[in-house]
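*Asks:* have a look at this fold, sequence not included:
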C-alpha cells in the first residue's frame, strides 16, 4: 500500500515521532523533524526520508491499524527485514 504524506504525518503524531522545538519569540512549538524508531534514532526533516513499517508483518497476521505502524529510515527498515525471526523447518522427529 502506498502511504501519502498525510498518512505518514498521522502515524508520526500517533506514535510520538514528531520532534518539536519551542520558538523563542512566539513561545509556540514548531516541528523540527521526525524521529526514526529504529536503532539509529536519527531525526529527519522530511517525511519522504522515512518509510512506513509494520511492527507485526502482514504475513504474520499484522494489521493496517496505526498501532501496528511506525516510521523507519530506509537503512533501519532494510536491516530489520533481514533480522526477522524464522521458524526452523528442520523439526526433530521421533524414530520408531
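*Replies:* Received the coordinates, thanks. These numbers come from a predicted model, not from an experiment.

*Asks:* from here on, contacts and neighbour counts on C-alpha atoms
*Replies:* Fine.

*Asks:* partner strands of the lengthiest strand in the chain, with direction?
*Replies:* Longest strand of the chain, by residue count under DSSP state E: strand 29-35. Note on strand 29-35: by DSSP bridges, its sheet partners are strand 18-22 (antiparallel), strand 43-44 (antiparallel).

*Asks:* need those in CSV with mean pLDDT and distance to residue 57, can you?
*Replies:* Converted to CSV, the strands paired with strand 29-35 look like this (pLDDT from 0 to 100; distance: least, CA to CA, whole Å):
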stretch, mean pLDDT, distance to residue 57
strand 18-22, 94, 23
strand 43-44, 96, 24
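
*Asks:* most packed of these?
*Replies:* strand 43-44 (a mean of 18; mean count of other CA atoms under 10 Å).

*Asks:* what segments of this structure are helices?
*Replies:* 5-14, 74-82 (DSSP state H).

*Asks:* relative to residue 23, which of these is closest?
*Replies:* Judged by CA to CA, the one of those that comes nearest to residue 23 is helix 5-14, at 19.4 Å.

*Asks:* hmm, who's touching the closest one?
*Replies:* For helix 5-14, the external contacting residues (CA atoms under 8 Å, 6 or more residues apart in numbering) are 18, 34, 47, 48, 52, 66, 69, 70, 71.

*Asks:* can you put the strands paired with strand 29-35 in JSON lines and add distance to residue 78?
*Replies:* JSON lines is the format used below for the strands paired with strand 29-35 (distance: least, CA to CA, whole Å):
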{"stretch": "strand 18-22", "distance to residue 78": "22"}
{"stretch": "strand 43-44", "distance to residue 78": "17"}
